[in-house]
Each structure stands twice: as structure tokens, then as C-alpha cells.
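Undergrad: Sequence first, then the predicted structure, then my questions.
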Amino acid sequence: MKETISRGSGAVICTPTYNELENISRIIPAILEEVPEAHVLVIDDNSPDGTGEIADRIAAGDARVHVLHRAGKEGLGKAYVAAFHWALEHDYRYVFEFDADFSHNPKYLPRFIGILSEGSADVIVGSRRVRGGGVENWSVLRRLISWGGSIYARNVLQVPVFDLTGGFNGFTREALLRIGLDEISSTGYCFQIELKYRSVKCGLRVREEPILFPDRQLGQSKMNGSIVREALTQVWRLRRLNLSHLLGVAH
């Protein structure tokens, strides 16, 4: 059995997986090569292809790697909320969302961790929508969905974040304690929108940094029509939320 996880361990990179057999054994070493002092948390939703078992084998040989097994597929939002709670319980200072399919490049992690650790931001957004950022090898349809989703959500919610739908984000411990994790209701595409909206409305300092975002090379995308439909309606529910109780919360 692995030793008890050390507390106060700096940064943890949270990677949700469902059927990422082709990627998991490659992405973990790639992350740790860039940030060897960080830890990786794999959140596996009982992948039928054995992704979770491979993650367990990697974790057995590296104390920096941890695996959180969940009973089944319940959506990206719930997987990340479970990961955030795990990270808070283990006293990590900086918590990152990170895709397992290499659409997020580990090379950005050192700079992003540095920005949070120097105290110039509470939330860091790896942004495809600011100068220097962009996408690679995307279909026209995917570009329209992604860009249209961000523009639509930004106009409905009236927040100064350009890449609301992006999933490469980092948070300080204090930021996660502020945004009301247990109140988050979005599960799919809109989860990333809700995280950023709550961050802005809570008065947190959200900073966008450019990234290049390529399409995945291996495995299957989890995007589907129901995820997009949720986002179209959920942003209006978010707009009606009263988040004043989260302002000025001290921890």
C-alpha cells in the first residue's frame, strides 16, 4: 500500500479520464517532466478500457501520482469537484485542471504555477482567445461551437473573460474555498463557464495567459449535443444566481 500522501505539497495537476487508455501512460510522465515537484491526480470514472488500472500501476511506482476512482461516468463537472475537494483535503496550494489527451501542453505549467505562486492572480486561465493563443487542427464546426459558446456566454454573463469554455485552468487554494464548490450545478461544457463566472463574481483576480490548443491525436472526444444544449440554457440560470454570499468570505 502506498504511503500516506504528504500535505502542503504545492501544486497538483488534476486529470479526469474516461477511456484514455492510449494517453494516460504518456501524459503523466510528460506532466512530471515539466513540473517534477508537482503531483498528478487522475480522476477515473470507471473506464471500461482499463485506464484506471494503468493509472494505479503508475501510482504504485511514483509517490507523486495519485488516483481517485469514481463509480461511473457522471460528467466532467462532478469529476473535477471531487478532485478539488480531494486537493483541499490534502492541503495543496495550487490546483490545476488538465486534459489527458495532450490538447493541453504541459510546457505551460511551470509559468502558470509561477504566476499563482507570486501572488499576481487567484485564477489562471490558459486562453485560446487572447493575443498569442489559438487552436490547431480543429474542424470548422468545432471552431464555431467553441468560439460561439465563449462569445454567447460572455455576452449573457457580462464577464471580462474571453475564453470562458477553456478547460486548462489553475486555482489557488483560497480561490477554490471562495467559489462555493458544493453549489456548482453544471456538469458538462458549461462547468468551465460556471467556474470562471463564480470566480469573477466572487472578486477573485482572473488572469488569462495564451496557449495553443491542438486537437487530440488519440482517443475519442467526449463532446456531444447534450453538452452543448446544457451550456445554452445553463448560462441564463447562472446569470440569475445571487452570489453575494460568497463575496469577502475569509478562510
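TA: That came through, no problem.
Undergrad: which residues in the stretch 101-250 of the chain form helices?
TA: Along the stretch 101-250 of the chain, the segments classed as helices by DSSP state H, counting those that start in this stretch run 109-117, 140-157, 173-178, 190-201, 225-240.
Undergrad: among those helices, which is nearest residue 92?
TA: Between residue 92 and the helices of the stretch 101-250 of the chain, the tightest spacing by Cβ to Cβ is seen for helix 173-178, at 6.6 Å. For the C-beta atoms, the positions are set from N, CA and C on the backbone; glycine is no exception.
Undergrad: what residue ranges in this protein are flagged as low confidence?
TA: 1-9, 216-228, 230-231, 248-251 (pLDDT under 70).
Undergrad: Now do the strands in it.
TA: For the chain, the strands defined by DSSP state E cover 11-17, 39-44, 65-69, 94-97, 123-127, 134-136, 169-172, 206-210, 212-214.
Undergrad: For those strands, give me TSV that also has distance to residue 105 and mean neighbour count.
TA: Output for the strands of the chain, formatted as TSV (distance: least, Cβ to Cβ, whole Å; neighbours: other Cβ atoms under 10 Å):
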stretch	distance to residue 105	mean neighbour count
strand 11-17	12	26
strand 39-44	15	26
strand 65-69	19	20
strand 94-97	13	26
strand 123-127	9	26
strand 134-136	10	14
strand 169-172	14	24
strand 206-210	12	19
strand 212-214	7	17
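Undergrad: Next, format the ones you listed as TSV and append distance to residue 245.
TA: Formatted as TSV, the strands of the chain follow (distance: least, Cβ to Cβ, whole Å):
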stretch	distance to residue 245
strand 11-17	26
strand 39-44	28
strand 65-69	29
strand 94-97	22
strand 123-127	19
strand 134-136	37
strand 169-172	19
strand 206-210	20
strand 212-214	35
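Undergrad: returning to what we had before: okay, the helices of the stretch 101-250 of the chain, which one's buried deepest?
TA: Across the helices of the stretch 101-250 of the chain, averaging neighbours per residue (mean count of other Cβ atoms under 10 Å) puts helix 190-201 on top, at a mean of 25.
Undergrad: and residue 95, which of the helices of the stretch 101-250 of the chain is closest to it?
TA: Closest of the helices of the stretch 101-250 of the chain to residue 95 is helix 173-178, at 6.1 Å (criterion: Cβ to Cβ).
Undergrad: From residue 229, how far out is the residue nearest the centre of the chain?
TA: The centroid of the chain falls nearest to residue 97 when counting by Cα atoms, centre = their mean (2.5 Å). For residue 97, the distance to residue 229 equals 22 Å [Cβ to Cβ, to the nearest Å].
Undergrad: same thing with residue 63?
TA: Distance, residue 63 to residue 229, by Cβ to Cβ: 42 Å.
Undergrad: Ok, residue 149 next?
TA: 11 Å.
Undergrad: swap in residue 124?
TA: To residue 229, residue 124 is 29 Å away according to Cβ to Cβ.
Undergrad: now residue 11
TA: 34 Å.
Undergrad: Kindly report the same for residue 23.
TA: For residue 23 relative to residue 229 (Cβ to Cβ), the value is 27 Å.
Undergrad: again, but for residue 241
TA: Residue 241 sits 20 Å away from residue 229, taking Cβ to Cβ as the criterion.
Undergrad: try residue 174
TA: 34 Å.
Undergrad: do residue 33 as well
TA: 39 Å.
Undergrad: How far does stretch 93-107 sit from its chain's centre?
TA: Distance of stretch 93-107 from the chain centroid (Cα atoms, centre = their mean, to the nearest Å) equals 7 Å.
Undergrad: buried set for it?
TA: 93-106 (16 or more other Cβ atoms under 10 Å).
Undergrad: Spit out the contact partners of residue 86.
TA: When contacts are counted by Cβ atoms under 8 Å, 6 or more residues apart in numbering, residue 86 touches 41, 68.
Undergrad: Could you export the buried residues of stretch 93-107 to a markdown table, including columns for distance to residue 233?
TA: Below are these laid out as a markdown table (distance: Cβ to Cβ, whole Å):
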| residue | distance to residue 233 |
| --- | --- |
| 93 | 36 |
| 94 | 33 |
| 95 | 28 |
| 96 | 28 |
| 97 | 23 |
| 98 | 28 |
| 99 | 25 |
| 100 | 28 |
| 101 | 27 |
| 102 | 31 |
| 103 | 26 |
| 104 | 27 |
| 105 | 32 |
| 106 | 34 |
